[in-house]
Structure formats: C-alpha cells, structure tokens
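[1] Below is the sequence, then the predicted model.
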Amino acid sequence: MAQSFIKRLAHDLEAPIEARGFGSGWFSGFFAIVLAVVGLCFVAALRWPEWFAMPQLVVIRDWTGFRLLVHVTLLTSYALALLSLLLRPRKSIGMTALVIALVASFLGGANVQPHDTQSWGIFFGIDFFAVNMVATGLMFAPIERIFPHQASQRLFRSEWREDLFYYLLSSMLVQIITFLALAPSGYINANTSNFGAMRAWIGALPWVVQFIMAMVLTDICQYWFHRMFHRVPFLWGFHAVHHSAKSMDWLAGARMHFVEIILLRGVTSLPLLTFGFLPSVMQTYVAVVYVYSSLIHANLRGDFDGLGRWLVVPRFHHWHHAIEAEGVDKNFAIHFPWLDRIFGTYYLPKSVWPKGYGVPEKVPTGYLAQLKYPFVRKQS
C-alpha cells in the first residue's frame with residue numbers, strides 16, 4: 001500500500017504542464033511539501049540536536065526569531081496542503097504535505113524542547129539539508145522556469161528522485177565527508193613546520209586577494225583532479241556516475257559518488273588549510289562553490305560567449321557533460337575556463353549547445369547500484 005501511494009505521489013509530481021497549471025492545486029501542494037520537509041528538519045534538529053544538527057548552524061537555531069519562523073513555515077504548509085486537497089482531484093501531493101507537517105507538530109512543532117539523548121559524537125545534518133534546499137532550490141528552481149534553456153524540461157524530470165536522494169545524503173553525511181576530506185591537510189599541518197612563513201604571508205594579505213587566490217589555487221587542483229578522473233579507467237568508474245545524468249539542471253550537480261566527493265573535497269581543501277588562508281575566506285569559498293555548482297549545471301538559457309572565455313557559465317559546463325564526441329574530455333575547469341585554453345581542453349562553439357547528455361556506457365540506476373558500479377564495472 002505504501003509503495004502504491006509513493007508511485008501515485010511520484011506520478012502526480014511528474015504530471016504534465018497542462019495538469020498542473022494555476023488553480024489546479026499542484027503548486028500549492030508542491031510548496032506545501034517543501035515547507036513541511038523544511039519544518040520537519042528544523043523540528044528534528046531542535047529536538048535531537050546531538051543527532052541531527054550541525055554545530056556550525058547553532059547561530060541560526062539560537063536566533064530569537066527562528067522558532068517563529070518554524071511556526072510560520074508549518075502553518076503555511078498546512079494552509080497550502082489544505083488548498084491543494086480542495087483544488088486537486090488527485091490528493092497524494094496535498095496529503096503527503098499534510099502528513100509531514102503533522103509529524104513535525106507531533107514532535108513538538110516550534111515549541112519543541114531538546115530531548116535527552118546519548119551523544120555518539122556523530123550527527124546527521126538534516127538542518128544543513130533544509131538550509132541547502134531553501135538556499136539553492138528556491139533560488140534556482142524558479143529561475144530555471146523563467147529562463148530555461150530547454151523549455152520542455154520539467155522540474156520533476158527523469159531521474160529527479162535519484163538526484164534528490166544524492167542531495168539529501170551528501171547533506172546528512174556532511175560530518176563524515178568533512179572528516180575524511182580534511183584528514184590529509186590535518187595530517188600535513190600536524191607534521192610539518194615548513195609552511196610557517198608562507199602561512200603568515202598569506203594570512204596578512206587583504207581578504208579579497210586571499211579569496212581570489214583561493215579560487216585560482218583550488219581550480220588548478222580541481223582541473224588536474226577532474227582530468228585524471230577522465231583519463232584513469234578505474235577512476236572514471238566513479239566519475240561516470242556523475243556524467244550518467246541525462247538531463248541538466250541545478251539538482252544534477254548533486255549526483256556524485258561518495259568516494260569522489262571525499263577525494264574532491266580533500267584536494268580542494270588541501271591548499272586552503274595548508275597555506276593559512278583566513279577561516280572567513282574558506283567559509284565564503286565553500287558557500288560560493290555550493291551555489292556555483294548548482295549554477296553551472298542549471299537548465300538556464302544564455303550563451304554568454306564573451307563571459308564564457310573567462311568564467312565558467314552553464315553552456316561551458318554543459319558541453320563537458322555532452323554526449324557528442326566533440327565535447328568528450330573537454331572543459332575540465334570549474335571556475336576559470338582559461339585553464340582549459342592553457343592546457344588545450346577548451347571547447348565552446350559560439351552559440352551552440354549540446355544535443356544530449358550522458359555517457360555511452362550503461363551506468364545502472366539507483367543509489368546502491370551506482371555506489372558499487374566503479375568496483376564491478378568492466379574496464380575496456
């Protein structure tokens with residue numbers, strides 16, 4: 001029965017445009033689900049902070065207006081869910097939102113108090129997931145609807161459930177990912193004293209200069225890291241998971257194998273932590289990268305031929321994901337395409353977009369199958 005309801009919900013969310021116009025109850029139901037999930041995540045983080053809350057987000061949770069915000073979020077979700085149930089013949093979207101909001105209320109709602117739990121020293125960042133979803137989803141999803149490159153591509157396109165699960169999992173496992181990614185730089189800092197002068201020099205530079213240096217240094221590291229994952233057959237098995245997405249939008253960037261996430265973040269954090277950049281520079285860099293990664297995968301129109309020579313724009317990175325032969329092993333840079341021009345891998349034909357995305361090999365669907373794919377893949 002539950003599986004049948006989930007199928008009906010997915011079918012309703014993926015409804016064609018004519019079945020989800022204004023007044024159909026689709027949009028009220030969709031936003032009711034979004035707000036209900038956000039509210040539930042925040043309530044759980046407040047109730048079990050040792051398990052489900054990031055220590056770095058304590059400033060948000062301790063803000064005097066935060067509980068009022070949670071209360072308004074849940075109330076709005078209730079109202080939108082009821083509106084969807086009234087307007088829409090299919091009730092699965094509105095009912096799902098209503099149930100999620102009720103669960104959040106039963107857990108205590110905005111007035112929830114911390115529940116005594118045994119701290120394991122490990123947390124699952126569902127508050128981080130909620131903040132990410134609000135910051136990126138509510139930013140890019142409307143923009144993609146207003147300025148789409150492929151107007152026929154829907155918000156709930158094929159494989160959206162897989163990519164949303166990747167998005168959720170990478171947010172919830174943020175502590176484990178961060179620990180593993182920072183291990184190399186932590187070891188180097190603990191066992192070397194040769195970088196003292198360089199760290200002092202970089203730390204004394206103006207903030208803007210440090211930020212630009214951080215962007216350039218990390219992109220140089222990412223360029224060769226990225227290129228290596230395309231050239232080494234075993235490593236390509238991990239990266240093929242990311243390239244297996246057949247549609248490009250802001251959510252497609254979340255599809256990355258767990259091993260590649262660890263290695264990529266380790267490579268990018270190494271110069272920042274080893275060379276003594278200010279913590280505020282590193283924090284800003286991380287925030288920019290989260291938004292920028294969504295941007296370059298987004299389904300946004302605009303050729304930006306001039307800008308694309310100096311900064312990575314969506315069309316530049318779309319060619320990196322292209323199924324066409326001319327786009328294969330091109331455009332490895334994440335921020336600065338002039339790196340590809342220097343090293344001979346630049347490809348951005350004027351005002352031309354790829355006709356399709358993906359990889360020639362058959363990458364399985366489903367998170368668990370893709371998780372083990374690099375280890376069972378037959379290398380040609």
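    Sure, I can see it.

[2] in a strand, that's where Leu217 is, yeah?
    No: under the criterion used here (DSSP: H, G, I helix; E, B strand; the rest coil), Leu217 is helix, not part of a strand.

[3] And the strands in the stretch 1-150 of the chain?
    Using DSSP state E, counting those that start in this stretch, no strands are found in the stretch 1-150 of the chain.

[4] so where's the stretch 51-200 of the chain uncertain?
    116-123, 175, 192-194 (pLDDT under 70).

[5] quick one, helices of it?
    Along the stretch 51-200 of the chain, the stretches classed as helices by DSSP state H, counting those that start in this stretch are 58-62, 66-87, 92-106, 126-132, 138-146, 160-172, 174-191, 196-203.

[6] And the ones you listed: which comes nearest Phe238?
    Proximity to Phe238, assessed across the helices of the stretch 51-200 of the chain by CB to CB, is greatest for helix 160-172 (13.3 Å). C-beta coordinates here come from the backbone N, C-alpha and C atoms, glycine included.

[7] Keeping just the C-alphas, turn the closest one into PDB.
    Taking Å, rounded to 0.1, in the frame of the first residue of the first chain, the C-alpha atoms of helix 160-172 are listed here in PDB:
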ATOM      1  CA  TRP A 160      15.000  13.500 -10.200                       C
ATOM      2  CA  ARG A 161      14.400  11.100  -7.300                       C
ATOM      3  CA  GLU A 162      17.900   9.700  -7.600                       C
ATOM      4  CA  ASP A 163      19.500  13.200  -7.700                       C
ATOM      5  CA  LEU A 164      17.400  14.400  -4.800                       C
ATOM      6  CA  PHE A 165      18.500  11.400  -2.800                       C
ATOM      7  CA  TYR A 166      22.100  12.200  -3.600                       C
ATOM      8  CA  TYR A 167      21.400  15.800  -2.400                       C
ATOM      9  CA  LEU A 168      19.900  14.600   0.800                       C
ATOM     10  CA  LEU A 169      22.600  12.000   1.600                       C
ATOM     11  CA  SER A 170      25.500  14.400   1.000                       C
ATOM     12  CA  SER A 171      23.900  16.900   3.300                       C
ATOM     13  CA  MET A 172      23.200  14.400   6.100                       C
END
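
[8] Now it: buried residues?
    By 16 or more other CB atoms under 10 Å, the buried positions in helix 160-172 come out as Trp160, Arg161, Glu162, Asp163, Leu164, Tyr166, Tyr167, Leu168, Leu169, Ser170, Ser171, Met172.

[9] want to throw those into CSV with distance to Ala325?
    CSV is the format used below for those (distance: CB to CB, whole Å):
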residue, distance to Ala325
Trp160, 28
Arg161, 30
Glu162, 26
Asp163, 25
Leu164, 31
Tyr166, 27
Tyr167, 30
Leu168, 35
Leu169, 33
Ser170, 31
Ser171, 36
Met172, 38
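
[10] quick one: which two of those residues are the most distant?
    Counting by CB to CB, the most remote pair of these is Trp160 and Met172, 18.4 Å apart.

[11] before we move on, the earlier item: for the helices of the stretch 51-200 of the chain, give me TSV that also has distance to Gln283.
    Below are the helices of the stretch 51-200 of the chain laid out as TSV (distance: least, CB to CB, whole Å):
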stretch	distance to Gln283
helix 58-62	12
helix 66-87	20
helix 92-106	29
helix 126-132	14
helix 138-146	19
helix 160-172	17
helix 174-191	13
helix 196-203	15
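
[12] and Asp249, which of those helices is closest to it?
    Using CB to CB, the nearest of the helices of the stretch 51-200 of the chain to Asp249 is helix 138-146, at 6.0 Å.

[13] which residues are contacting that closest one?
    For helix 138-146, contacts defined as CB atoms under 8 Å, 6 or more residues apart in numbering pick out Val34, Leu155, Asp249, Trp250, Val291, Ser294, Leu295, Ala298, Asn299, Leu300.

[14] So the third one sits against Ile296, correct?
    No: contact status for Asp249 versus Ile296: not in contact, 11.2 Å apart, counting by CB atoms under 8 Å.

[15] can you pull the contacts of Gly366?
    Glu162.

[16] Quick check: the gap between it and Ile177.
    21 Å (CB to CB, to the nearest Å).

[17] Could you give the separation of stretch 244-256 from the chain centroid?
    Relative to the chain's own centre, stretch 244-256 is displaced by 9 Å; criterion: CA atoms, centre = their mean, to the nearest Å.

[18] try stretch 277-288
    18 Å.

[19] next one: stretch 263-277
    With CA atoms, centre = their mean, you get 20 Å for stretch 263-277.

[20] Let's verify Lys378: helix, strand, or coil?
    Strictly by three-state DSSP, Lys378 counts as coil.
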